[in-house]
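Undergrad: Fold the following.
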Amino acid sequence: MLADKGYDADAIRADLAKRNIDAVIPGRSNRRVKIEHDRALYKQRNCIERMFGQLKINRAVATRYDQLANSFLGMVHIATVRYWLKFVHAA
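TA: As a prediction, this is how the structure comes out:
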């Protein structure tokens with residue numbers, strides 16, 4: 001699980017370990033015992049954050065006008081295709 005420092009809690013880490021999920025969470029600066037994480041894998045989190053930022057350019061996705069999950073998912077698909085078409089058209 002890729003997460004930022006906001007998710008650095010012993011309870012969250014214990015729950016992930018119980019579920020056999022690897023936690024890639026950097027430790028907070030005030031943590032007494034430093035916890036190592038995979039820096040190369042953590043850098044990929046930036047790509048995911050930028051993708052969500054691009055999706056939220058669409059007002060309907062950012063404010064979630066749709067009441068139903070299926071309608072919202074459809075809007076996310078439309079926003080994703082619009083974003084993807086920029087790259088396909090440029091190539």
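
Undergrad: Can you get me a residue count around residue 26?
TA: For residue 26, the neighbour count with other Cβ atoms under 10 Å is 19. For every residue, glycine as well, the C-beta is placed using N, CA and C.

Undergrad: Quick one: residues contacting it.
TA: 4, 5, 8, 35, 37, 42 (Cβ atoms under 8 Å, 6 or more residues apart in numbering).

Undergrad: need the contact list for the fourth one.
TA: What that stands for is residue 35. 8, 13, 25, 26, 27.

Undergrad: shaky segments in this protein?
TA: Within the chain, the stretches with pLDDT under 70 are 91.

Undergrad: Restrict the top helix by length along it to CA atoms and write it as PDB.
TA: Criterion DSSP state H: the longest helix present in the chain is helix 69-90. What follows is helix 69-90, C-alpha atoms only, in PDB (Å, rounded to 0.1, in the frame of the first residue of the first chain):
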ATOM      1  CA  ALA A  69     -21.900   5.100  -7.900                       C
ATOM      2  CA  ASN A  70     -22.500   3.800 -11.400                       C
ATOM      3  CA  SER A  71     -23.100   7.300 -12.700                       C
ATOM      4  CA  PHE A  72     -20.000   8.600 -11.000                       C
ATOM      5  CA  LEU A  73     -17.900   5.700 -12.300                       C
ATOM      6  CA  GLY A  74     -19.100   6.500 -15.800                       C
ATOM      7  CA  MET A  75     -18.000  10.100 -15.400                       C
ATOM      8  CA  VAL A  76     -14.600   9.000 -14.200                       C
ATOM      9  CA  HIS A  77     -14.300   6.800 -17.300                       C
ATOM     10  CA  ILE A  78     -15.200   9.700 -19.500                       C
ATOM     11  CA  ALA A  79     -12.700  11.900 -17.800                       C
ATOM     12  CA  THR A  80     -10.000   9.200 -18.100                       C
ATOM     13  CA  VAL A  81     -10.700   8.800 -21.800                       C
ATOM     14  CA  ARG A  82     -10.500  12.600 -22.300                       C
ATOM     15  CA  TYR A  83      -7.100  12.600 -20.500                       C
ATOM     16  CA  TRP A  84      -5.900   9.600 -22.500                       C
ATOM     17  CA  LEU A  85      -6.900  11.100 -25.800                       C
ATOM     18  CA  LYS A  86      -4.500  13.900 -25.300                       C
ATOM     19  CA  PHE A  87      -1.600  11.500 -25.500                       C
ATOM     20  CA  VAL A  88      -3.000   9.400 -28.300                       C
ATOM     21  CA  HIS A  89      -3.700  12.400 -30.400                       C
ATOM     22  CA  ALA A  90      -0.200  13.800 -29.800                       C
END
